[in-house]
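Novice: Mind looking at a prediction? Sequence and model below.
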Amino acid sequence: MSRAKGNIAEEKACIFLYDKGFIIVERNFYSRFGEIDIIASKEEVLHFIEVKSGLDYESAIQNISPSKLRKFIRTVHVYMKKNALDVDFMIDAIIVTPKDIEIVENITL
């Protein structure tokens with residue numbers, strides 16, 4: 001996916017989260033392991049969110065490979081340590097398709 005399409009999907013995801021009562025804390029946090037697209041909070045839980053887009057749900061969700069998820073988790077730990085955080089958190093994905101936006105909460109390996 002091109003960076004421009006990724007930016008559009010991330011913008012749609014932020015609007016979706018805001019409408020669901022989330023507060024956007026940070027966007028595009030980078031570490032040497034990878035990137036966290038969106039960091040948001042809701043009800044005292046920090047959500048680290050990977051945004052994926054595609055023509056349909058299946059093609060988008062399949063882009064979250066075990067390798068990608070491992071790098072994402074390492075980046076989450078870098079963020080937590082860098083900011084000296086000891087809070088409840090979840091790793092989520094937002095799937096953006098031409099017809100819908102869905103959140104998949106608490107994804108794991």
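Specialist: Sure thing, it's come through. Numbering: from 1, shown residues only.
Novice: With adjacent residues omitted, what lies nearest to the residue nearest the centre of the chain?
Specialist: Nearest to the geometric centre of the chain sits residue 49, at 1.6 Å (C-alpha atoms, centre = their mean). Of all residues beyond its chain neighbours, the one nearest residue 49 is residue 38 (4.2 Å), with distances taken as C-beta to C-beta, 6 or more residues apart in numbering. Backbone N, C-alpha and C define where each C-beta goes, glycine included.
Novice: now residue 18
Specialist: Nearest non-adjacent residue to residue 18, counting by C-beta to C-beta, 6+ apart: residue 24, 6.9 Å away.
Novice: what's in contact with the host helix or strand of the one you found?
Specialist: Using DSSP states H and E, residue 24 sits within strand 23-30. With contact meaning C-beta atoms under 8 Å, 6 or more residues apart in numbering, strand 23-30 is reached by 10, 14, 17-18, 35-42, 46, 75, 79.
Novice: In PyMOL, how would I select just the buried ones from those residues?
Specialist: To isolate the buried subset of these in PyMOL, counting by 16 or more other C-beta atoms under 10 Å, use the following:
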select buried, resi 10+14+17+36+37+38+39+40+41+46+75+79
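Novice: Can you list which of the contacts of strand 23-30 are found in strands?
Specialist: Under the assignment DSSP state E, the contacts of strand 23-30 contribute 35-42, 46 to strands.
Novice: ok, those vs residue 86, which is closest?
Specialist: residue 46 (10.7 Å; C-beta to C-beta).
Novice: ok, that closest one - contacts?
Specialist: 25, 39-40, 85, 87-90 are the contacts of residue 46 under C-beta under 8 Å, 6+ apart.
Novice: Could you pull up phi and psi at residue 85?
Specialist: Residue 85 adopts backbone torsions of phi -100, psi 140, taken as degrees, to the nearest 10.
Novice: I'm done for today, thanks for sticking with me.
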